[in-house]
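*Asks:* Give me a 3D structure for the following:
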Amino acid sequence: MKLELISEYKLRAELSYEDMECLGFYSYDKVSDDALETIIGIADERLGFHCTLNACKTSVYPFGDGCEIYITRSADKRHGSERKTRKTVLSFSDIKLLTDACVFLSDQNIIGSECRAEKTKNGTVYHLIVEHECDSSFADGEPYRLFAVSELCGNDPFCKRGASLLYLNEHSNPLISKNAVETIAKMKKG
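*Replies:* Numbers count the residues shown, from 1 in each chain. All right, here's what the predicted structure looks like:
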């Protein structure tokens, strides 16, 4: 078994077919929790990669006559990284897109939010200010759930990480100052 520490949070394990047999699995798509715990234990001993199964994601791919396993652990205070709160602005040129995004975000348990409206020459732009936890395990500190909102909104040019908070405070009016995602999602769901 070859172990490679890709980053502080990611480990790559390359296993031959013989390694797989020793760990008690014979197909890369049927890796047991016991086998993963053994790999993580060996990685901890050899490389200092501390992780538990409930705090990691695994991806397994065929490789040669065996497989390769990527184990990514979450970053939290137990592993020495800081969790921070961050605000992200999502802007929408259409009220329907805003309500659809709020339903989606509500289902994803993103709750801290504010909604503001800005009058422009092209109409009203709705800004959803979403507060969320982030940590250093995400490249930009952005959780994947917020990226999915842009897919939800199609080609709307205003649906992106939007204006700065300072600009919004000066050029927009508050519509809902607390819990906007939940409030709008409840109104949409009826």
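
*Asks:* the domain parsing of this protein - what is it?
*Replies:* Domain assignment for the chain by automatic domain parsing gives 2-79, 83-189.

*Asks:* Figure out the length between the terminal residues of stretch 18-32.
*Replies:* Terminal residues of stretch 18-32 lie 16 Å apart, using CA to CA, to the nearest Å.

*Asks:* Lowest average pLDDT across the domains of the chain?
*Replies:* Ranked by mean pLDDT, the domains of the chain end with domain 83-189 at the bottom, a mean of 74.

*Asks:* which element follows the biggest helix by length in the chain toward the C-terminus?
*Replies:* Counting by DSSP state H, the longest helix found in the chain is helix 33-47. Next along the chain after helix 33-47, taking DSSP states H and E as the criterion, comes strand 56-63.

*Asks:* re the thing from before, including mean neighbour count, could the domains of the chain go into CSV?
*Replies:* Any C-beta I mention is one placed from the backbone N, CA and C, and that applies to glycine too. Converted to CSV, these look like this (neighbours: other CB atoms under 10 Å):
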stretch, mean neighbour count
domain 2-79, 15
domain 83-189, 16
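
*Asks:* those helices in this protein, which residues are they?
*Replies:* 17-23, 33-47, 95-107, 144-152, 165-171, 180-189.

*Asks:* who wins for proximity to Ile71 among those helices?
*Replies:* Of all these, helix 33-47 sits nearest to Ile71, with 6.6 Å by CB to CB.

*Asks:* mind listing what Glu118 touches?
*Replies:* With contact set as CB atoms under 8 Å, 6 or more residues apart in numbering, Glu118 has these partners: 124-127, 163, 168, 171-173.

*Asks:* How about Val130?
*Replies:* Contacts of Val130 by CB under 8 Å, 6+ apart are 87-90, 105, 110, 112-113, 146, 181.

*Asks:* Now flag whichever of those is closest to Tyr61.
*Replies:* Leu146 (27.4 Å).

*Asks:* who touches the longest helix of the chain?
*Replies:* Applying CB under 8 Å, 6+ apart, the contact partners of helix 33-47 are 1, 3, 5, 11, 13, 23-25, 49-53, 56, 58, 69, 71.

*Asks:* Report the contact partners of Glu18.
*Replies:* Applying CB under 8 Å, 6+ apart, the residues near Glu18 are Gly66.

*Asks:* can you check Thr52 too?
*Replies:* By CB under 8 Å, 6+ apart, the contact list for Thr52 reads Ile40.
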